[in-house]
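A.B. asks: My questions are about this predicted structure, shown below with the sequence.
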Amino acid sequence: MRTEVAIIGAGPAGLLLSHLLAEQGIDSVVIETRSQDYVLSRIRAGILEHSTVQLLDDIGLGTRLRAEGQQHRGIYLQWPEERHHIDFTELVDRSVWVYGQTEVTKDLAAAREAAGQQIFYEVTDTAVHEVDTESPYVSFVDSSGRHVRIDAAVIAGCDGSFGPSRAAVPDRVRQTWERTYPYSWLGVLADVAPSTDELIYAWHSDGFAMHSMRSATVSRLYLQVPNGTDVNTWSDDRIWDALSTRLGHGQNGWTLQPGPITDKSVLPMRSYVQTPMRHGRLFLAGDAAHIVPPTGAKGLNLAVADVATLAPALTALLRKNDGSLADSYSDDALRRVWRCTHFSWWMTTMLHTSDDPFDAQLQLSQLRWVAGSEAGATGLAENYAGLPIGF
Ligand code: FAD
Ligand code: DHB
């Protein structure tokens with residue numbers, strides 16, 4: 001089989017890339033290890049920054065987002081006794097949208113299906129070959145057990161942090177940067193109306209907590225827990241008690257409304273960057289090249305920004321034989337990657353508590369400055385609502 005771009009991974013990065021390429025008349029084939037149902041139901045990110053929404057609008061995929069998503073002006077930043085609203089719209093004239101990654105993926109998958117995009121789900125043994133030649137190819141075993149080879153002009157590694165693409169960049173070329181954090185998140189989804197109009201990020205001496213949402217009737221909440229936490233040690237009652245305490249139960253008349261929990265999981269936190277994001281005819285995008293801890297809500301948005309940079313680069317390469325944007329892709333994408341890596345690290349280390357009382361004082365001082373100074377608040381707003389694509 002032959003195509004112009006072989007895309008590994010049908011997450012947001014892979015599906016969006018195939019969509020953007022098709023708009024330019026470029027043919028692609030997508031391969032994915034999981035089933036379509038699994039990919040469409042995986043609960044992950046929930047916040048879309050300004051430029052992600054703009055891009056989805058521009059490609060005609062903003063309709064359901066505009067109808068069912070919720071536009072937020074900003075977030076609440078909280079520590080015991082104090083809750084402050086950081087108003088992004090007022091500070092930087094940009095907003096964010098609450099619209100789950102599951103919904104973005106559904107919209108992308110429906111658009112690709114309507115366009116007749118070839119997607120192989122439930123493949124095994126994915127391997128990339130000959131990426132430093134002009135004739136790279138991908139091999140895999142399809143869901144019926146057939147061995148398939150796809151020859152392509154270019155391979156796009158959009159296969160997340162566990163896929164084979166990042167390891168296809170030889171050791172002599174690649175460099176990695178990594179930070180693991182001494183805490184994880186316990187994430188829950190609950191069938192209850194959110195107790196807040198916009199997200200609450202709360203510092204508390206028991207640990208960080210966050211109140212997010214998916215719709216007018218579904219809440220998404222997170223608690224800082226130690227690494228290695230067994231989800232079964234957290235009963236629903238224990239979760240609601242901890243959330244109520246950390247989110248400031250009873251404070252200024254505010255209460256957290258509990259409800260039936262429909263999903264519970266523990267998420268480890270890690271920062272990781274691999275460079276370069278291009279090797280020969282292999283281009284990496286999204287989690288395949290970098291991971292951020294979720295506190296800044298950047299993972300999905302960064303995957304979208306990578307692909308928005310990669311699609312025009314591949315179009316120029318394949319349609320005009322102009323390799324200049326492809327040559328600068330890695331450097332261009334990495335500028336934003338490192339900005340988001342720093343912002344995510346900063347939000348994470350400002351809000352998650354440790355046993356060190358000195359750290360706690362520095363965190364509280366930082367939070368007071370961010371919430372109380374226009375310069376501090378603007379820095380958070382500019383990064384959270386998202387810098388323009390190409391920054
Ligand atoms: P992915 O969505 O990981 O997609 C990669 C795809 O490649 C997957 O579908 C995978 O099955 C497929 N694949 C892997 N190996 C192969 C192979 N060998 N062959 C073919 N296909 C393969 N970000 C936030 O901002 N906020 C959050 O709350 C948040 N929560 C998260 C929770 C979890 C459990 C995880 C893992 C991530 C979370 N993220 C969050 C990060 C965000 O979801 C990711 O940054 C985003 O999904 C990146 O998109 P992607 O397309 O690059 O990668
Ligand atoms: C969500 C996740 C995040 O990591 C974040 O910073 C904000 C919201 C969410 O899942 O809704």
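C.D. replies: Now that the structure is in, tell me what you want to look at. Ligands and ions are numbered 1, 2, ... in the order given.
A.B. asks: check contacts around the residue in the chain positioned nearest to ligand 2.
C.D. replies: Nearest residue of the chain to ligand 2 (C-beta to the nearest ligand atom) works out as Gly46 at 2.6 Å. The way it works is simple: take the backbone N, C-alpha and C, and place the C-beta from them, glycine included. Going by C-beta atoms under 8 Å, 6 or more residues apart in numbering, Gly46 touches 98-101, 212-214, 220, 297.
A.B. asks: any idea how far it lies from Met1?
C.D. replies: Distance from Gly46 to Met1, counting by C-beta to C-beta, to the nearest Å: 36 Å.
A.B. asks: burial measure for Gly74, as a count.
C.D. replies: Residues near Gly74, counting by other C-beta atoms under 10 Å, number 24.
A.B. asks: That one touches Thr89, doesn't it?
C.D. replies: Yes - assessed by C-beta atoms under 8 Å, Gly74 is found in contact with Thr89 at 6.8 Å.
A.B. asks: what sits up against the helix or strand harbouring Leu362?
C.D. replies: If you go by DSSP states H and E, Leu362 is part of helix 357-372. Helix 357-372 has contacts (C-beta under 8 Å, 6+ apart) with 77, 79, 82, 84, 86, 203, 205, 349-351, 353-354, 376-377, 379-380.
A.B. asks: and the residue of the chain closest to ligand 2, backbone torsions?
C.D. replies: Gly46 adopts backbone torsions of phi -140, psi -10, taken as degrees, to the nearest 10.
A.B. asks: Model confidence score at it, please.
C.D. replies: If you check Gly46, the pLDDT there is 91.
A.B. asks: quick one: which of the contacts of Gly46 is nearest Leu16?
C.D. replies: Lowest distance from Leu16 to these (C-beta to C-beta) belongs to Gln101, with 11.7 Å.
A.B. asks: For the stretch 51-200 of the chain, just list every one of the helices.
C.D. replies: Using DSSP state H, counting those that start in this stretch, the helices of the stretch 51-200 of the chain run over 63-68, 88-92, 101-114.
A.B. asks: Any chance of a markdown table for those, columns mean pLDDT and distance to ligand 2?
C.D. replies: Putting those into a markdown table (pLDDT from 0 to 100; distance: least, C-beta to the nearest ligand atom, whole Å) gives the following:
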| stretch | mean pLDDT | distance to ligand 2 |
| --- | --- | --- |
| helix 63-68 | 96 | 15 |
| helix 88-92 | 97 | 13 |
| helix 101-114 | 96 | 8 |
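A.B. asks: Near the residue nearest to His84 when sequence neighbours are not counted, how many residues? Count them for me, please.
C.D. replies: Closest residue to His84 apart from its sequence neighbours, by C-beta to C-beta, 6 or more residues apart in numbering: Ala371 at 3.8 Å. When neighbours are defined as other C-beta under 10 Å, Ala371 has 19 of them.
A.B. asks: Also Val173?
C.D. replies: Neighbours of Val173 under the rule other C-beta under 10 Å: 11.
A.B. asks: repeat for the one 10 residues further on
C.D. replies: Residues lying near Tyr183 (other C-beta under 10 Å) number 20.
A.B. asks: related to what we said a few turns ago, name the member of the contacts of Gly46 with the shortest distance to ligand 1.
C.D. replies: Ala297 (4.5 Å).
A.B. asks: before we move on, back to that, show me which of the contacts of helix 357-372 are buried.
C.D. replies: 77, 79, 82, 84, 86, 203, 349-351, 353, 376-377, 379-380 (16 or more other C-beta atoms under 10 Å).
A.B. asks: can you put the residues you listed in JSON lines and add distance to Gly386 and pLDDT?
C.D. replies: Putting these into JSON lines (distance: C-beta to C-beta, whole Å; pLDDT from 0 to 100) gives the following:
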{"residue": "Leu77", "distance to Gly386": "18", "pLDDT": "96"}
{"residue": "Trp79", "distance to Gly386": "25", "pLDDT": "93"}
{"residue": "Glu82", "distance to Gly386": "26", "pLDDT": "91"}
{"residue": "His84", "distance to Gly386": "21", "pLDDT": "95"}
{"residue": "Ile86", "distance to Gly386": "14", "pLDDT": "98"}
{"residue": "Trp203", "distance to Gly386": "23", "pLDDT": "97"}
{"residue": "Thr349", "distance to Gly386": "21", "pLDDT": "97"}
{"residue": "Met350", "distance to Gly386": "19", "pLDDT": "98"}
{"residue": "Leu351", "distance to Gly386": "19", "pLDDT": "98"}
{"residue": "Thr353", "distance to Gly386": "27", "pLDDT": "95"}
{"residue": "Gly376", "distance to Gly386": "18", "pLDDT": "97"}
{"residue": "Ala377", "distance to Gly386": "16", "pLDDT": "98"}
{"residue": "Gly379", "distance to Gly386": "13", "pLDDT": "97"}
{"residue": "Leu380", "distance to Gly386": "12", "pLDDT": "98"}
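A.B. asks: Let me know the closest of those residues to Ala22.
C.D. replies: Leu380 (36.7 Å).
A.B. asks: which helices and strands does the helix or strand that contains that closest one pack with?
C.D. replies: In this assignment (DSSP H and E), Leu380 forms part of helix 374-385. Using 3 or more C-beta pairs under 8 Å, 6 or more residues apart in numbering; DSSP states H and E, the elements in contact with helix 374-385 are strand 74-79, strand 82-87, helix 88-92, helix 324-351, helix 357-372.
A.B. asks: what's the angle between it and strand 74-79?
C.D. replies: In terms of direction (axes from the mean of the first three to the mean of the last three C-alpha atoms, to 10 degrees), helix 374-385 departs from strand 74-79 by 120 degrees.
A.B. asks: List the contacts of helix 374-385.
C.D. replies: The contact list for helix 374-385 (C-beta under 8 Å, 6+ apart) reads 49-50, 74-75, 77, 86-88, 91-92, 94-96, 296-297, 339-340, 343, 369-371.
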